[in-house]
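Structure, please.
(one chain, ligands or ions: 1)
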Amino acid sequence: MELKDVIEKRRTVRDFQDREVPDTIIDYAIENAFKAPSYNHLREWDFIILKHLESKLALINAENLDVKGSNDELENTFQNEEIIMKEMYLDAIPKQKKMILSAPLVIVVVFKPKTKVIDAKKIYDLNCLASVWACIENFLLSLAEHDVFGVTYIPQNVETIKERLRIPDNLEIATIIPIGYKDHSAKVLKQKTINISGRIHIDNW
Ligand SMILES: Cc1cc2nc3c(=O)[nH]c(=O)nc-3n(C[C@H](O)[C@H](O)[C@H](O)COP(=O)(O)O)c2cc1C
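Residues are numbered from 1 along each chain as shown. As a prediction, this is how the structure comes out:
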């Protein structure tokens, strides 16, 4: 596929078909992920592939995803936000548990931090996070090329998840990505239209 077509094709998907994703697609996407730029040239990234229901349930449990507010509460929370953002949250929030359960695979992306997030003082300290996100985008683009999609979920209770997945203490979780083939009923929300020329500044702002 042309690069521009893959970039267009990659979208966040939260509803998946009950259909296995071949290992070859995952392996190829991870291979491509490791071609991303890395601040220290070391590519200190790891991928944990959750395949079994127990691992997914442990994740849901660690994140307390069973406890969620009503639709009215959500409406209220986002009432003053931009419509496009409100629509996204109203669709996404109730699906956080289901998307983890229904995805045939859940990928946990782990990285080695330069500085602990809590101690970060400047952008430079977050180069490790910036690098792992370049890796994540390569991963998502490579999956999209093969009609596999995902959603980058950011966990809250990282320490509990690290303990349950036996992730070494000196490493961090960048994101957790339920992936799979898009369900026929999946709602892919409109992307906000950006006036690109207004975002380009020559020589100074
Ligand atoms: C850093 C980051 C964090 C995100 N966190 C979540 C999340 O916790 N749960 C979720 O359902 N989607 C999450 N998303 C997905 C966004 O909602 C999605 O990328 C956005 O709505 C734009 O849609 P698109 O990816 O289809 O262009 C996250 C995306 C990014 C880049």
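
where along this structure do the strands fall?
Defined through DSSP state E, the strands belonging to the chain, from first to last, are 45-50, 105-111, 148-150, 172-181.

For the longest one, output the C-alpha coordinates as PDB.
In PDB, the C-alpha atoms belonging to strand 172-181 read as follows (Å, rounded to 0.1, in the frame of the first residue of the first chain):
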ATOM      1  CA  GLU A 172       7.100   1.700  32.400                       C
ATOM      2  CA  ILE A 173       4.000   1.000  30.500                       C
ATOM      3  CA  ALA A 174       3.400   3.500  27.600                       C
ATOM      4  CA  THR A 175       0.100   2.200  26.500                       C
ATOM      5  CA  ILE A 176      -2.100  -0.900  26.300                       C
ATOM      6  CA  ILE A 177      -3.600  -1.600  22.900                       C
ATOM      7  CA  PRO A 178      -6.500  -3.900  22.300                       C
ATOM      8  CA  ILE A 179      -6.300  -4.900  18.700                       C
ATOM      9  CA  GLY A 180      -8.300  -6.900  16.100                       C
ATOM     10  CA  TYR A 181     -10.300  -6.800  13.000                       C
END
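
Pick the most deeply packed of the strands of the chain.
When neighbours are counted by mean count of other Cβ atoms under 10 Å, the highest per-stretch mean among the strands of the chain falls to strand 148-150, a mean of 26. Placement of C-beta: from N, CA and C, glycine included.

So what touches it?
10-13, 21, 25, 29, 103, 107, 140, 143, 177-182 (Cβ atoms under 8 Å, 6 or more residues apart in numbering).

So which of the residues you listed reach the ligand?
Restricting the contacts of strand 148-150 to those within reach of the ligand (Cβ under 6 Å from any ligand atom) leaves Arg11, Thr12.

distance of the most centrally placed residue in the chain from the ligand?
To find the centre residue of the chain, average its C-alpha atoms and take the closest one (Cα atoms, centre = their mean): that gives Thr152, at 1.3 Å. Taken as Cβ to the nearest ligand atom, to the nearest Å, the spacing of Thr152 relative to the ligand amounts to 4 Å.

And Leu126, by the same measure?
Between Leu126 and the ligand the distance, using Cβ to the nearest ligand atom, works out to 13 Å.

List the residues that contact Ile26.
Contacts of Ile26 by Cβ under 8 Å, 6+ apart are Ile49, Leu105, Ile107, Leu143.
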